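**Q** the sequence and its predicted three-dimensional model are supplied below.
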Amino acid sequence: MPRAVVLAALRALLRSMDEHPAAPCAAPGDAASIDSPMPDVVLVLAQTIPDSDWYCIERADLPRVEEWRPTSDGGEELYCSARISDADVEGPRVEMLALAKAIQARGRVEFKRCAVDATADPVRFWSPRNSERPGEASLEAADRLAAEIVASLALPPVTSAEELRKLLLSDRGAFAAEVDRLLPLVRDRATKAFWETLRDMATKGT
């Protein structure tokens, strides 16, 4: 190949490198360039069985997939992409509220089928009975979940005539307005219907 052609090709290559410099290489140990950021996990409170006192903490940031998958011992297990852990993190109302309180206090609490450790970021969720590994979410995501749990479950059902009498003897207008504000947050249909009836009684002055 003629020398002039080779020199022309080299000059063209050098011009191209000047116009489009290569990106700098990441330094070894540069965590920002090696570790991807924690995914934005979105957690929600789900009622496992309608009108029941049984709830599950689930992920809402992934498409929901449920399918049977083989296990290492030759059996099968139900896989659900909504699980925050490798098993359901579930329990009754009182345990969900305890989890929310622990998150808000940056503490830790464990029950048979649900547990949380919010002493560090990320927050860990698992089922002491069934999980082999915990699931993780940011403190921000856990705080949003705690707020949802409190908003959805902290309104206690009225179960006695004495409680009913005390409520109806209070400021009925303010009571009805407060019930109207909280009703959209109540998920259990039986509890919601009860509070609607109570509100109507207060409004009518019965």
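**A** Nice, thanks for sending it over. Numbering: from 1, shown residues only.
**Q** look up phi and psi at the closest residue to residue 54 other than its chain neighbours.
**A** Counting by Cβ to Cβ, 6 or more residues apart in numbering, residue 54 lies nearest to residue 48, which is 4.7 Å off, once chain neighbours are set aside. Every C-beta, even on glycine, is put in place using the N, C-alpha and C of the backbone. With angles defined as degrees, to the nearest 10, residue 48 sits at phi -60, psi -50.
**Q** begin at 35, not 1, for the rest of this chat.
**A** From this message on, residue numbering opens at 35, which makes the last subject residue 82.
**Q** got a list of what residue 82 touches?
**A** Shown in contact with residue 82 (Cβ atoms under 8 Å, 6 or more residues apart in numbering): 88-90, 122, 124.
**Q** for the protein, which spans come out with low pLDDT?
**A** 35-73, 112, 189-205, 207-209, 211-212, 239-240 (pLDDT under 70).
**Q** quick one, domains of it?
**A** Here the domain assignment for the chain is 77-187, 195-238, based on automatic domain parsing.
**Q** single out the most deeply packed of these.
**A** Highest mean neighbour count of these: domain 77-187, a mean of 17 (counted as mean count of other Cβ atoms under 10 Å).
**Q** between the two ends of it, how far is it?
**A** The first residue of domain 77-187 is 16 Å away from its last residue (Cα to Cα, to the nearest Å).
**Q** equivalent analysis for stretch 147-164, please.
**A** Start-to-end span of stretch 147-164 (Cα to Cα) is 7 Å.
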